[in-house]
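Undergrad: just need the structure, nothing else, for what follows:
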Amino acid sequence: MMESEVGLAHASAMRQFIQFADVAGLDLRSLCPPEIHAHVEQAAEVEWLPASAQVDVLQAAALASGREDLGVAFSMWCNLRGFGPISLLWDHCATLDEAMRITRRYMHLESAAMRSSTDVTGHEAAIRHVLMVPARFGGSQFMQGTLTLQLRIVRLLLGEEWTPIRLELDHPAPACTPYHQAVFRCPIEYGSDRCALVFRKSDLHRPSPRANPDMVRHLEMQLAQADRRWPGDLVQQVRYFIAANLAERRANLPYVGSLAGLSSQGLQRRLAERGTSFACILEQVRKKTAEEYFRTARRPNLTELSHRLGYTDASAASRFLRQHMATGARALMAQTRPRHSFPARQQVVSG
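TA: So this is what the prediction gives:
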């Protein structure tokens with residue numbers, strides 16, 4: 001069954017996590033609530049799961065077991081090439097910039113749970129990860145896990161000795177951080193406004209000694225074929241493409257239409273047949289982005305919000321709030337963040 005509201009994720013990531021949990025001595029049945037564990041059981045039989053399933057299983061298992069390093073530990077253990085078709089391409093790319101471009105284009109073939117963007121400021125570049133689905137217990141373990149995978153991808157391209165300038169995480173520091181420090185080998189800034197791996201801008205275009213242009217072309221053709229078979233419906237695809245390109249100000253009708261394999265007119269016609277329009281979906285995505293930002297940001301500000309909404313200045317973000325959400329930034333900042341209920345902590349034996 002299609003998960004049109006929260007998107008889909010390839011079951012390969014869940015299968016890998018199940019194997020990791022077995023090795024680590026984690027009993028997922030006892031650690032996860034029954035409705036969450038149901039996705040664990042489904043993973044062996046289906047190709048796609050709700051994108052929120054991996055986020056919730058990882059967070060629930062970490063909370064109940066007391067393993068605050070679970071996301072990092074899983075991502076260091078897993079098979080980097082075991083995450084579906086896109087993971088076969090990373091180590092053949094000529095540069096990190098090329099790897100990120102292809103990942104952004106085809107990330108929906110792996111998971112709709114996360115999107116990434118590359119921010120450049122002065123001599124620094126940052127690969128930012130943003131959670132795109134509701135998280136029942138929080139998404140800190142998932143975000144730590146995806147950034148650990150990002151770290152491994154960069155080291156695959158540029159060498160194991162590579163270190164970032166810093167790691168930024170938008171949640172509080174865990175009680176124990178030595179494992180995180182040992183993995184990333186850089187300062188870690190907790191309570192940031194974003195989840196991002198920050199590094200020298202020059203690393204984006206530094207040639208990789210592993211580059212194989214012929215293999216990249218071959219694998220991109222395979223990804224394009226897989227994209228045409230992607231099970232998501234058109235509205236879901238457009239919603240994802242808008243969200244994935246909003247911060248980089250490319251979420252316009254011609255560009256999103258090209259990603260969906262349609263002309264601007266063709267995309268509008270297909271959306272009209274489904275009772276919606278590009279402008280309507282764009283407004284919905286911006287509303288969701290704004291709501292999520294004010295719910296999770298520790299120090300919300302209009303400048304950051306305007307970036308996330310795809311605007312060039314804060315006044316445009318302010319107008320959007322007034323015109324489409326009938327409120328202002330101060331009113332949204334004053335809203336109390338919802339509290340999560342967590343599964344009970346249980347004792348486990350970790351490996």
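Undergrad: and the gap between the residue lying closest to His123 once chain neighbours are set aside and Glu124?
TA: Distance criterion Cβ to Cβ, 6 or more residues apart in numbering; nearest residue to His123, sequence neighbours excluded, is Lys201 at 5.4 Å. In short, each C-beta sits where N, CA and C put it, glycine included. Using Cβ to Cβ, to the nearest Å, Lys201 is found at 6 Å from Glu124.
Undergrad: quick revisit: touching, the residue nearest to His123 and Asp119? I think so.
TA: No - using Cβ atoms under 8 Å as the test, Lys201 is too far from Asp119 to be in contact (10.2 Å).
Undergrad: hang on, the earlier thing: distance check, the residue nearest to His123 against Asp193.
TA: Per Cβ to Cβ, Lys201 is found 20 Å from Asp193.
Undergrad: Met325 now?
TA: As judged by Cβ to Cβ, Met325 and Asp193 stand 21 Å apart.
Undergrad: contacting residues for His171?
TA: Neighbouring residues of His171 by Cβ atoms under 8 Å, 6 or more residues apart in numbering: 138, 140, 143, 190-191.
Undergrad: can you give me the helices for the stretch 1-150 of the chain?
TA: Counting by DSSP state H, counting those that start in this stretch, the segments of the stretch 1-150 of the chain that form helices are 12-24, 28-31, 34-42, 51-65, 70-77, 96-106, 140-158.
Undergrad: mind listing what's buried in the second one?
TA: It refers to helix 28-31. For helix 28-31, a neighbour-count test (16 or more other Cβ atoms under 10 Å) marks 28, 31 as buried.
Undergrad: also the fourth one?
TA: Using 16+ other Cβ under 10 Å as the burial criterion, the residues of helix 51-65 that qualify are 51-65.
Undergrad: taking those residues, tell me the two that lie furthest apart.
TA: Ala51 and Ser65 (22.9 Å; Cβ to Cβ).
Undergrad: quickly list what the residue nearest the centre of the chain is bridged to.
TA: Closest residue to the average C-alpha location of the chain: Met114 at 1.8 Å, with Cα atoms, centre = their mean. With DSSP bridges applied, Met114 shows beta-bridge pairing to Leu131.
Undergrad: tell me the contacts of it?
TA: Applying Cβ under 8 Å, 6+ apart, the residues near Met114 are 107, 129-132, 142-143, 146.
Undergrad: how about TSV for those residues, with neighbour count and distance to Cys78 added?
TA: What follows is the contacts of Met114, written out as TSV (neighbours: other Cβ atoms under 10 Å; distance: Cβ to Cβ, whole Å):
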residue	neighbour count	distance to Cys78
Met107	18	17
His129	24	17
Val130	22	21
Leu131	22	19
Met132	25	21
Phe142	29	13
Met143	26	16
Thr146	24	12
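Undergrad: dump those residues into TSV; add pLDDT and distance to Leu80 as well.
TA: TSV is the format used below for the contacts of Met114 (pLDDT from 0 to 100; distance: Cβ to Cβ, whole Å):
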residue	pLDDT	distance to Leu80
Met107	91	15
His129	96	16
Val130	93	22
Leu131	92	21
Met132	88	22
Phe142	98	17
Met143	98	18
Thr146	98	12
